[in-house]
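Colleague: I need the structure of the sequence given here:
(one chain, ligands or ions: 1)
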Amino acid sequence: MKLAIVCYPTFGGSGVVATMLGTALAQRGHEVHFVTYKQPVRLELLSRNIFFHEVNVEEYPLFHYQPYDLALSSKLVNVVQEYGIELLHVHYAIPHAYAGYMAQQMLKEQGIIIPMVTTLHGTDITLVGNHPVYKPSVTFSINNSDAVTSVSASLKRDTLKLFDIKKEIDVVPNFIDMSLYKTEFKDCDRSVMAFPEERIITHVSNMRPVKRVMDIIKIFEKVQKEIPSILIMVGDGPERFAAEEYANKAGLKMKIKWVGNSTEIDRILCFSDLFLLPSKKESFGLAALEAMANRTPVISSNTGGLPEVNEDGVSGFTSNVGDVDEMAANAIKILKDDQVLSDFKNAAFAKAEQYDILNIIPQYEKLYENVLAGT
Ligand code: GMT
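Modeller: The predicted structure is shown next:
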């Protein structure tokens, strides 16, 4: 099959999932064309079956906002015509589903019928898409997709609650390539970061308000009073400055390492003992799954799709959003005893295995076949 994948090329989860999906499909013999404004951060182009098409937006002084969705739909039309693409798979509704729909209409005029699958990732529904300035367009593009998927059952419920949806939504959960985590030898040398007696606690995110970065610092502040530990903060974003300032004032400067946007996430997670994700909202929590695949238990909030991924009392613990005291108490429960920690690590890994890419890719392939059969 020849398909075009539209996604955000950044560190965000939706772009990472789209990249992993496209890469796996290419390995299974499909021809995959990524269409986006920059090469996706995790995309390795060296494959016979992977293509990347950059969307360029010409700047013009008249425009206060450059029309990316127009440039994207035009690019899609060109790529479909030039490479004989059979299907569009757009990740993140805004503006990708809208641009995809426009491309479909333009192609129809030339007698080319091409189906579009839209995958909803979370903030395109709960935070951004739901805003009145976007809502009619998001509703329209979801209802006019040939198939719609959501990355968790929780996100499906939210979509049906917040929008007037007439289309069936299939839940196809996010996934991880477990073969990468099953190798016998792994360089998890923790001595580069911590002393032997210290536990390593980690957080990875874009540090936007929805991640509640201050809660992370407050949880760690309590934990480190009971357990010798360090906190590694991976990523960057608007909440970092205030959180760093608070941490420094609380005397935690030497115990927290802010490493910024790292390309060594798996290496860091591999030597971590605990992962913190106390988000206000999370449709899935891919970062938690990546931690679990690295045998790192998770302390998270119980919002959105997080309880589907992080099983309370098994792969870690879930608590109400903002319940820093309970999250810290649960973190201490996991970290204070070697055997308990080891049990949680094994359980986190076992839970991650449910989301192995091998179980999920066939679901997408089946969906593509159904959609193509319907056109
Ligand atoms: O919130 C982020 O970290 C980025 C955002 C995105 O759009 O890439 O992540 C969303 O999609 C991910 C992949 O499906 C999910 O794992 C995240 O939970 C979801 N974020 C939110 O719902 C806040």
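
Colleague: So for stretch 72-81, mean pLDDT?
Modeller: Averaged across stretch 72-81, pLDDT comes to 98.

Colleague: and it, which residues are buried?
Modeller: Of all the residues in stretch 72-81, those buried under the rule 16 or more other CB atoms under 10 Å are 72-77, 79-80. Using the backbone N, CA and C atoms, a C-beta is placed for each residue, glycine as well.

Colleague: next one: that stretch to chain centre, how far?
Modeller: 26 Å (CA atoms, centre = their mean, to the nearest Å).

Colleague: what stretches of the stretch 101-250 of the chain score poorly on pLDDT?
Modeller: 184-187 (pLDDT under 70).

Colleague: wait, does the helix or strand harbouring residue 17 contact the ligand?
Modeller: Per DSSP states H and E, residue 17 falls inside helix 13-27. Yes: looking at helix 13-27 against the ligand by CB under 6 Å from any ligand atom, the contacts come from 13-14, 17.

Colleague: Quick one: name the residues of this protein near the ligand.
Modeller: So the chain meets the ligand at 12-14, 17, 92, 121-123, 151, 174, 205-206, 210, 281-286 (CB under 6 Å from any ligand atom).

Colleague: and these, which are buried?
Modeller: Neighbour counting by 16+ other CB under 10 Å classes 12-14, 17, 92, 121-123, 151, 174, 205-206, 210, 281-286 among these as buried.

Colleague: where do the helices sit along the stretch 51-200 of the chain?
Modeller: 68-83, 96-109, 123-126, 135-143, 153-162 (DSSP state H, counting those that start in this stretch).

Colleague: which residues does residue 252 contact?
Modeller: For residue 252, the contact set (CB atoms under 8 Å, 6 or more residues apart in numbering) comprises 217, 220-221, 224, 231.

Colleague: Same question for residue 70.
Modeller: Counting by CB under 8 Å, 6+ apart, residue 70 makes contact with 99, 102.

Colleague: Contact partners for residue 312?
Modeller: 302, 318.

Colleague: So it versus residue 292, what's the distance?
Modeller: To residue 292, residue 312 is 13 Å away according to CB to CB, to the nearest Å.

Colleague: Could you work out the end-to-end span of stretch 137-152 for me?
Modeller: For stretch 137-152, the first-to-last residue distance is 22 Å (CA to CA, to the nearest Å).

Colleague: and residue 223, that's in a helix?
Modeller: Yes: judged by DSSP: H, G, I helix; E, B strand; the rest coil, residue 223 forms part of a helix.

Colleague: Read off the pLDDT value for the closest residue to residue 141 other than its chain neighbours.
Modeller: Once flanking residues are discounted, residue 141 sits nearest to residue 97: 3.6 Å by CB to CB, 6 or more residues apart in numbering. At residue 97, the predicted lDDT confidence score is 97.

Colleague: rewinding a little: send over the helix holding residue 17 as PDB, restricted to the C-alpha atoms.
Modeller: The C-alpha coordinates for helix 13-27 follow below in PDB (Å, rounded to 0.1, in the frame of the first residue of the first chain):
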ATOM      1  CA  GLY A  13       3.700  12.300  21.300                       C
ATOM      2  CA  SER A  14       1.500  12.600  18.200                       C
ATOM      3  CA  GLY A  15       4.500  13.100  16.000                       C
ATOM      4  CA  VAL A  16       6.400  10.300  17.700                       C
ATOM      5  CA  VAL A  17       3.500   7.800  17.300                       C
ATOM      6  CA  ALA A  18       3.100   8.800  13.600                       C
ATOM      7  CA  THR A  19       6.800   8.300  13.000                       C
ATOM      8  CA  MET A  20       6.900   4.900  14.700                       C
ATOM      9  CA  LEU A  21       3.800   3.800  12.800                       C
ATOM     10  CA  GLY A  22       5.200   4.900   9.400                       C
ATOM     11  CA  THR A  23       8.500   3.300  10.100                       C
ATOM     12  CA  ALA A  24       6.900   0.000  11.100                       C
ATOM     13  CA  LEU A  25       4.600   0.100   8.000                       C
ATOM     14  CA  ALA A  26       7.600   0.700   5.800                       C
ATOM     15  CA  GLN A  27       9.400  -2.300   7.400                       C
END
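
Colleague: Residue ranges of each domain in this protein, please.
Modeller: Under the assignment automatic domain parsing, the domains of the chain span 2-175+356-373, 179-353.

Colleague: gap between the longest one and the chain center?
Modeller: For domain 2-175+356-373, the distance from its own C-alpha centre to the chain's C-alpha centre is 14 Å (CA atoms, centre = their mean).

Colleague: End to end on that domain, go ahead and measure it.
Modeller: 15 Å.

Colleague: Strands of the stretch 151-300 of the chain, start to end?
Modeller: Using DSSP state E, counting those that start in this stretch, the strands assigned to the stretch 151-300 of the chain run over residues 169-171, 199-204, 229-234, 256-260, 274-277, 298-301.

Colleague: Could you dump the ones you listed into TSV and include mean neighbour count?
Modeller: As requested, the strands of the stretch 151-300 of the chain are exported to TSV (neighbours: other CB atoms under 10 Å):
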stretch	mean neighbour count
strand 169-171	18
strand 199-204	25
strand 229-234	22
strand 256-260	15
strand 274-277	29
strand 298-301	27
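
Colleague: Rebuild the ones you listed as TSV, extending it with distance to residue 4.
Modeller: Below are those laid out as TSV (distance: least, CB to CB, whole Å):
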stretch	distance to residue 4
strand 169-171	20
strand 199-204	29
strand 229-234	31
strand 256-260	32
strand 274-277	32
strand 298-301	34
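
Colleague: Which single residue of the stretch 51-200 of the chain approaches the ligand most closely?
Modeller: residue 122 (2.5 Å; CB to the nearest ligand atom).

Colleague: separation between the closest residue in space to that residue that isn't next to it in sequence and residue 14?
Modeller: Excluding the flanking residues, the one nearest residue 122 by CB to CB, 6+ apart is residue 283, at 2.9 Å. Relative to residue 14, residue 283 is positioned 9 Å away (CB to CB).

Colleague: do residue 114 as well
Modeller: When distance is defined by CB to CB, residue 114 is 22 Å away from residue 14.
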